[in-house]
Structures are given as C-alpha cells and as structure tokens.
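> output the structure for:
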Amino acid sequence: MGPACGAGRSGVIWEVFRQERKGQAFEHAGSIDAPDEAFAHAYAHEQYGRRGESVAPWIAPREAIRQVEDFVRELGKNYHRVDGYSLKAKLKEARERAGTAAADR
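Numbers count the residues shown, from 1 in each chain. This is a model prediction of the structure:
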C-alpha cells in the first residue's frame, strides 16, 4: 500500500470536483485521502486529470464543505417542479390578454 492507503494514518479526506470540458459545470468526482494539500493536489491530478478526462480538477478538504440550510424559496414557488408553478393559469391569463387585445383593435 502507498502513503495514501492503509489503516491508522492521520490523513485528511479531500473532495475532488472536476470539469470535463471548459464551460461545463464542475461535478463531484470522488474523495481522496492525503496527508497534506500538495499531495492531495498531485493525487487528484493523477487520478482525475492524467488521461484527459478533466480540464480542471478542484480539491477541498471535506471539513470545509458546508451544506446550505434554510435555502430561501422566493415567493414559495418552485419553478423547477410542475406543481410549484401553474402553467395552466399563466396560459389562461395570456389567452385572456390576447383575446382582450384582439377585441380592442
């Protein structure tokens, strides 16, 4: 086993994020165990960038990553879900406005 493997070591768990192509969003690629940032950087590059599968790996110590709690939902509507935004009501409003506008001409 190498220096990043084995039981009983006191390394830090690093989360690796990678960008497959420029302009794309970063995705979680995996976790690595490394004794310090320099080793984590080299290991992440070797594991997630050596074969060209990533253009930009990022690393962050696991304990530095925080979950966003109490995410504010503007006006209580969820525009990513069909049940949070009534498309039928919006279409009805638009049709009524279009019908009124056509009658006014």
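> can we go C-alpha only for contacts and neighbour counts from here?
OK.
> so E63 versus R18, what's the distance?
If you measure E63 against R18 using CA to CA, to the nearest Å, the figure is 19 Å.
> those two: who's more crowded?
Shown here are E63 and R18; by other CA atoms under 10 Å, R18 has more neighbours (23 against 10).
> that one: helix or strand, and which one exactly?
R18 belongs to strand 12-19 when assigned by DSSP states H and E.
> and that strand, C-alpha only, in CSV?
Provided in CSV are the C-alpha atoms of strand 12-19 (Å, rounded to 0.1, in the frame of the first residue of the first chain):
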residue,chain,number,x,y,z
VAL,A,12,-7.3,14.4,5.5
ILE,A,13,-10.2,13.4,3.3
TRP,A,14,-10.3,15.7,0.2
GLU,A,15,-13.3,16.0,-2.1
VAL,A,16,-12.4,16.3,-5.7
PHE,A,17,-14.5,18.1,-8.3
ARG,A,18,-13.8,18.1,-12.0
GLN,A,19,-14.8,19.9,-15.1
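> ok, the residue nearest to A56 when sequence neighbours are not counted - how many residues close by?
Distances taken as CA to CA, 6 or more residues apart in numbering place Q19 nearest to A56, at 5.3 Å, with adjacent residues excluded. If you count neighbours by other CA under 10 Å, Q19 ends up with 20.
> contacting residues for Q19?
The contact partners of Q19, taken as CA atoms under 8 Å, 6 or more residues apart in numbering, are A25, F26, E27, S54, V55, A56, P57.
> so which of those is the most crowded?
P57 (21 neighbours).
> nearest residue to that one other than its sequence neighbours?
With CA to CA, 6+ apart, the residue lying closest to P57 is R18, at 4.3 Å.
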